[in-house]
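Peer 1: Sharing a model prediction with you, sequence too.
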Amino acid sequence: MPLTRTSKIDEVSVPGDGQGDPFEKQSIPPALMKRAGSSWQRLPSSQLETEQLHTVFIAHRLCVAVVGEPAVGKTALLQMLDSRGSRFPQQYLMTCGVELFIKAMPNGNKGSVELHLLDCGGQDTFTELVAKHWQACAVSSVVLVYDVTRPHTLEATSTWYQRLCDALGKESLPGALLASKTDQRERVCVSRAVGEQFAQRLQMSHFEASAVTYDGVEEPFKHLAAAAAAGCQVVR
């Protein structure tokens with residue numbers, strides 16, 4: 001099923017009692033957009049319903065925060081996931097606040113897992129706004145992204161993880177640690193061993209990906225979807 005993206009999240013409503021499926025009463029933002037060539041176009045509600053129902057059966061829904069420092073490649077990874085590796089963004093555009101992607105991950109004959117992926121801006125300016133969306137969307141998992149050419153972005157994932165847990169009032173969250181820009185081999189400053197060791201501290205699996213080549217982009221999201229379908233915690 002095609003990945004659907006919004007220009008920003010303008011409104012989200014969740015159940016007042018905090019119980020049940022948090023997506024049952026969630027209103028999809030009005031400015032729904034779909035990539036068409038190099039521009040974004042409004043997606044008619046009738047077409048949106050058709051595309052979202054293309055998967056026969058949605059067995060599980062999982063809201064995932066994709067977080068990390070600015071320019072680590074979060075948006076590029078999600079855009080490549082959108083196009084299945086055919087459309088790499090040629091220019092860097094800063095994510096302002098939060099952008100929503102919706103992706104259905106097939107799970108054999110058990111139905112699909114619908115991932116609601118929150119692409120979170122890494123600038124401190126958006127910290128308060130981003131936290132509100134984490135709470136409103138009932139985030140239940142996380143992908144922590146770092147840039148292998150900038151060591152400080154790996155250390156910063158701990159801050160992002162703690163910030164997310166604090167906003168949600170939780171001690172921990174299931175998720176994955178994702179090393180980005182692995183195609184830049186000559187500039188790699190963070191080895192796989194260092195990344196894996198860091199992931200163990202967070203009790204998460206470690207993944208490597210390149211948005212440029214599409215290598216490894218799907219794996220962390222498949223990992224989260226499979227764990228959700230199995231009804232278990234995401235562990236390394």
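Peer 2: Yes, it's here.
Peer 1: is it true that residue 141 touches residue 170?
Peer 2: No. Shown here, residue 141 and residue 170 do not form a contact pair, counting by Cβ atoms under 8 Å, at 11.2 Å. To be clear about C-beta, it is placed using only N, CA and C from the backbone, and glycine gets the same treatment.
Peer 1: quick one: which of the two has more around it?
Peer 2: When residue 141 is set against residue 170 and neighbours are counted by other Cβ atoms under 10 Å, the residue ahead is residue 141, at 21 against 11.
Peer 1: Report the contact partners of the more buried one.
Peer 2: 62-65, 173-175, 224, 228, 234 (Cβ atoms under 8 Å, 6 or more residues apart in numbering).
Peer 1: Of the residues you listed, which is the nearest to residue 106?
Peer 2: Nearest to residue 106 among these: residue 228, at 13.0 Å, using Cβ to Cβ.
Peer 1: Tally up the residues packed near the closest one, please.
Peer 2: 24.
Peer 1: how close does it sit to residue 203?
Peer 2: Note on residue 228: its distance to residue 203, by Cβ to Cβ, to the nearest Å, is 17 Å.
Peer 1: next one: residue 84
Peer 2: With the distance defined as Cβ to Cβ, residue 84 ends up 30 Å from residue 203.
Peer 1: what do you get for residue 64?
Peer 2: Distance from residue 64 to residue 203, by Cβ to Cβ: 17 Å.
Peer 1: For these two, work out which one has more neighbours and name it.
Peer 2: Using other Cβ under 10 Å, the more surrounded residue of residue 64 and residue 203 is residue 64, with 26 against 13.
Peer 1: Next up, the contacts around the more buried one.
Peer 2: Neighbouring residues of residue 64 by Cβ under 8 Å, 6+ apart: 115-118, 139-143, 175, 221, 224.
Peer 1: Turn those into TSV, columns for distance to residue 101.
Peer 2: What follows is those, written out as TSV (distance: Cβ to Cβ, whole Å):
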residue	distance to residue 101
115	8
116	8
117	4
118	8
139	14
140	16
141	14
142	15
143	12
175	16
221	10
224	13
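Peer 1: Show only the entries of the residues you listed found in strands.
Peer 2: The strands, defined by DSSP state E, take in 115-118, 141-143, 175 from the contacts of residue 64.
Peer 1: of all those residues, which two lie farthest apart?
Peer 2: Farthest pair in the ones in strands among the contacts of residue 64, by Cβ to Cβ: 116 and 175, 14.3 Å.
Peer 1: the helices in this structure, which residues?
Peer 2: Per DSSP state H, the chain carries helices over the ranges 45-52, 74-83, 127-136, 151-168, 192-202, 219-230.
Peer 1: In TSV: the ones you listed, plus distance to residue 184 and mean pLDDT.
Peer 2: Shown next, in TSV, are the helices of the chain (distance: least, Cβ to Cβ, whole Å; pLDDT from 0 to 100):
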stretch	distance to residue 184	mean pLDDT
helix 45-52	34	45
helix 74-83	13	88
helix 127-136	27	90
helix 151-168	13	96
helix 192-202	14	97
helix 219-230	19	90
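Peer 1: Indicate which one of those helices is closest to residue 99.
Peer 2: Minimum separation from residue 99 across the helices of the chain (Cβ to Cβ) falls at helix 74-83, 7.4 Å.
Peer 1: What helices and strands are in contact with the closest one?
Peer 2: strand 32-36, strand 58-67, strand 98-105, strand 112-120, strand 175-180 (3 or more Cβ pairs under 8 Å, 6 or more residues apart in numbering; DSSP states H and E).
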